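1. Give the three-dimensional model of this entry:
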Amino acid sequence: MKILITGGAGFIGSHLCNFLIGKGHKVICMDNLITGKKENIAHLLPNKNFKFINHNVSNHIHLNESVGYVLHFASPASPVDYHKYPIQTLKVGSLGTHNSLGLAKAKKAKFLLASTSEVYGDPLVNPQPESYWGNVNPIGPRGVYDEAKRFAEAITMAYHRVHELDTKIVRIFNTYGPRMRKNDGRAIPNFITQALEGKPLTVYGNGKQTRSFCYIDDLVRGLYALMLSDLNEPVNLGNPREETVLDIAKKIIAITGSKSKIAFKPLPIDDPKVRRPDTAKAKKALKWSATVSLDKGLKETVDFFRFSG
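-> Residues are numbered from 1 along each chain as shown. Predicted structure coming up:
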């Protein structure tokens, strides 16, 4: 297959490019590098089955060649990024999704939207099943990302119902691994960078808020299974094992051998207190579950940060 991946130079997108090339597919990576990095895909550039196009998908997408799939992963995805680029985040979730869907329709291609667990907001149920509608503050600082993705899901389902486009929606829960940026702003890269530099690890609130961390290799396997499935309704992908943020910080201190201490700071506005996927649908329909242990995944990620400079 020939597959277009928007946001393909980002953390998840670049790993997906790798995986699909490894499966023998041809990949077109489209990214304007606002948060993606050319270094993430540099090793793929000589490959005859890989092509990079520098383009902002919030503008019209023109593509001469045919594609069988459009995978829409373009978007700032961390609080640091969408606070810095709030309007761009809203535009790529709305205009960018519209343009990507339009391309899929024109090419008669299948479409996969990378949505997020953030559509659940600060959830009032735990774990979060796909049937949960969420608890989102639309005008809060996180709203630019949450509502962009909620709109993206709505327009994707509209294209499915009106134009009978074969669409998939994945709600991605906290994912980590090599190629995350040091200044990403999310817990694991923050903690690893601080630990390796001997600085205090910044924990917000009392650290008792929970997250569920899925290693990138597990996520990419799930994405491929969803691509090949006949599911059109949203599907959660993530690791259902719940950890407190404080426990993650302590674990990273131990793995790095750092002498760093922990510094507590006020909890950001609308920061979710719990975050854990109900993955029953993925297990049943995709025969998928996360298998990489947190210890193994963190060691791989620490090694990347330690040796990538």
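
2. all strands of the protein, in order?
-> 2-6, 26-31, 50-54, 69-72, 110-116, 167-172, 175-176, 201-204, 210-211, 214-215, 235-237, 243-244, 262-265 (DSSP state E).

3. for those strands, which one ends up most surrounded?
-> Of all the strands of the chain, strand 69-72 carries the top mean neighbour count, a mean of 28, counting by mean count of other C-beta atoms under 10 Å. In this view, the C-beta of every residue, glycine as well, is placed from N, C-alpha and C.

4. What lies in contact with that strand?
-> The contact list for strand 69-72 (C-beta atoms under 8 Å, 6 or more residues apart in numbering) reads 1-7, 16, 57, 96-97, 100-101, 103-104, 107, 109-114, 152, 223, 227.

5. quick one on the thing from earlier: please tabulate the strands of the chain in JSON lines, including the columns mean pLDDT and distance to Phe307.
-> Converted to JSON lines, the strands of the chain look like this (pLDDT from 0 to 100; distance: least, C-beta to C-beta, whole Å):
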{"stretch": "strand 2-6", "mean pLDDT": "98", "distance to Phe307": "27"}
{"stretch": "strand 26-31", "mean pLDDT": "98", "distance to Phe307": "25"}
{"stretch": "strand 50-54", "mean pLDDT": "98", "distance to Phe307": "25"}
{"stretch": "strand 69-72", "mean pLDDT": "98", "distance to Phe307": "29"}
{"stretch": "strand 110-116", "mean pLDDT": "98", "distance to Phe307": "28"}
{"stretch": "strand 167-172", "mean pLDDT": "98", "distance to Phe307": "27"}
{"stretch": "strand 175-176", "mean pLDDT": "97", "distance to Phe307": "17"}
{"stretch": "strand 201-204", "mean pLDDT": "94", "distance to Phe307": "20"}
{"stretch": "strand 210-211", "mean pLDDT": "92", "distance to Phe307": "26"}
{"stretch": "strand 214-215", "mean pLDDT": "98", "distance to Phe307": "18"}
{"stretch": "strand 235-237", "mean pLDDT": "98", "distance to Phe307": "28"}
{"stretch": "strand 243-244", "mean pLDDT": "95", "distance to Phe307": "25"}
{"stretch": "strand 262-265", "mean pLDDT": "95", "distance to Phe307": "25"}
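
6. Tyr85 is nearest to which of those?
-> strand 26-31 (14.1 Å; C-beta to C-beta).
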